[in-house]
Every structure is written in C-alpha cells, then in structure tokens.
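Q: Sequence and predicted model, in that order:
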Amino acid sequence: MAADALVGESVRDPAKYYRNNVVAGLALLDSMRERGVRSLVFSSSAAVYGEPAKQPIEESDPKAPTNPYGETKLAFENALRWYSSAYGLRSISLRYFNAAGATARCASATIRRRT
C-alpha cells in the first residue's frame with residue numbers, strides 16, 4: 001500500500017488522505033488477517049509529532065499532528081496498536097524525518113559528491 005504524502009495537498013484535500021492512508025490501510029489489515037499475515041512494518045512519519053516543544057524529538061514525546069497527513073499516519077499507528085491487542089498482529093512503525101535538509105549548502109554538497 002502506498003500512502004499519499006504531501007502535507008500541503010493533505011490540507012487542501014483531507015478526504016483523499018483519510019481514504020488512502022486510513023481507510024485503505026484498514027482494508028489492508030483486514031486482508032492480512034484473512035490471509036494469516038501476522039507482521040507489518042509501517043512507514044509512518046515524524047509528522048505525527050507536529051511542532052515539537054524540544055529538539056531532538058524522542059519517540060515518547062507527545063504526538064500532536066498539525067496537518068491531515070500527520071493525523072492520518074497517527075490514526076493508522078493507533079489502529080495497528082488495537083489490531084495487535086485484538087488480533088495478535090505484530091507491527092513496527094518507522095517515523096521518518098527528512099533525510100537531508102533543503103538548504104543550498106546541503107544541495108551543493110550532494111551535487112559535488114555526485115559529479
């Protein structure tokens with residue numbers, strides 16, 4: 001399952017994000033149950049933290065998404081927790097941050113290494 005992942009678009013069209021990231025995710029979990037698949041690695045997002053009160057963010061810090069994208073990722077993480085409790089589904093959620101900042105310095109360093 002591929003999730004939609006554009007923050008700005010999620011604000012303009014939250015229905016798209018809830019349908020794909022939550023409703024389709026639940027359909028995937030139900031299909032997994034029907035077929036006896038018991039484990040899932042979920043590609044979540046650091047967007048579940050919203051605007052953190054401190055840096056660096058720790059896994060146990062409060063989750064407070066500020067957009068539908070982060071909210072739908074958190075909703076699916078919560079569904080995973082309940083599916084684990086009710087159905088024995090094992091899962092892990094990986095909360096990615098941007099791998100590299102979008103600064104001129106970082107972009108130029110990447111270009112220099114590639115050439």
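A: Cool, the structure landed.

Q: which residues sit against the helix or strand harbouring Glu71?
A: Here Glu71 sits within helix 68-87, counting by DSSP states H and E. For helix 68-87, contacts defined as C-beta atoms under 8 Å, 6 or more residues apart in numbering pick out 3-7, 10-11, 14, 17-18, 21-22, 25-26, 29, 33, 40, 42, 44-45, 47-50, 63, 65, 89-91, 93. Bear in mind the C-beta positions are built from the backbone N, C-alpha and C, glycine included.

Q: from those, which would you call buried?
A: Buried subset of those (neighbour count, 16 or more other C-beta atoms under 10 Å): 3-5, 10, 17-18, 21-22, 25, 29, 40, 42, 44-45, 47-50, 63, 65, 89, 91, 93.

Q: Now go through those residues and say which are in strands.
A: When the buried ones among the contacts of helix 68-87 are checked against strands (DSSP state E), the matches are 40, 42, 91, 93.
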